[in-house]
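Trainee: With the sequence up front, the predicted model follows.
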Amino acid sequence: MLDSDLAILYGVELRSLNQAVKRNIGRFPLDFMFQLTNGEWDSLRSHFVISKNNRGGRRYVPYVFTEQGVSMLSSVINSERAIKVNINIMRTFVKLRRYVLSKGDTNEQIAELRKLLMLYVEKNDKRVNEIIIALNNLIELPPPKTKRIGFNAGNN
């Protein structure tokens, strides 16, 4: 999740969230939080038509928090709202993981997730629509070709 989205959900200024993280940077290794590259940020911005102007816009590329990073945020952002939001985010991650593991076909999974998110968007935050657009783009991409690695039991 982007730092700006989390700041909105937690009801804190983006600057405050990032300051709290920087004061506790030891709690956020690379598998908990990382910063987008300029290319990734430009791609994301163009994908979702995010303004590029410098008036009121971001001066640096955003930080992205993984599930573990979002969980760790609860230890550095200690407000009642942040705690409640964090609990809901963690529950959502668990539900999504269970759902994905219960399904077999990836395109089917993405389509189902898209339907679930559409229902959520109708009831809640319109920003989730950006996730739906990204899921739609994933469905349209052909699966990557991979090489087999390891041992083949039939060939010794």
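Mentor: Looks like it came in fine.
Trainee: Distance of residue 68 relative to residue 75?
Mentor: 12 Å (C-beta to C-beta, to the nearest Å). C-beta here means a position set from N, CA and C on the backbone, and glycine is covered the same way.
Trainee: Looking at the two, which is more packed in?
Mentor: Higher neighbour count among residue 68 and residue 75: residue 68, with 14 against 11, using other C-beta atoms under 10 Å.
Trainee: Give me the nearest residue to that one, chain neighbours excluded.
Mentor: Excluding the flanking residues, the one nearest residue 68 by C-beta to C-beta, 6 or more residues apart in numbering is residue 32, at 4.7 Å.
Trainee: Would you mind confirming that that neighbour is in contact with residue 65?
Mentor: Yes: judged on C-beta atoms under 8 Å, residue 32 makes contact with residue 65 at a distance of 6.9 Å.
Trainee: With neighbour numbers in mind, choose between those two.
Mentor: The neighbour comparison of residue 32 against residue 65 (other C-beta under 10 Å) goes to residue 65, with 23 against 17.
Trainee: Dihedrals phi and psi, that one?
Mentor: phi -110, psi 130 (degrees, to the nearest 10).
Trainee: where does this structure have low pLDDT?
Mentor: Along the chain, the parts satisfying pLDDT under 70 run over 46-57, 103-106, 109, 120-135, 138-156.
Trainee: Can you give me the domain assignment for it?
Mentor: As given by automatic domain parsing, the domain ranges for the chain are 3-96, 103-143.
Trainee: Single out the most deeply packed of the ones you listed.
Mentor: domain 3-96 (a mean of 14; mean count of other C-beta atoms under 10 Å).
Trainee: tell me which element residue 34 falls in.
Mentor: strand 33-35 (DSSP states H and E).
Trainee: Run me through the strand neighbours of that strand, direction for each.
Mentor: Under the criterion DSSP bridges, strand 33-35 sits next to strand 63-65 (antiparallel) in its sheet.
Trainee: Could you identify the helix or strand that succeeds the partner strand?
Mentor: Next helix or strand after strand 63-65 toward the C-terminus (DSSP H and E): helix 67-76.
Trainee: what helices or strands is that next one leaning on?
Mentor: Using 3 or more C-beta pairs under 8 Å, 6 or more residues apart in numbering; DSSP states H and E, the elements in contact with helix 67-76 are helix 3-10, helix 14-23, helix 80-102.
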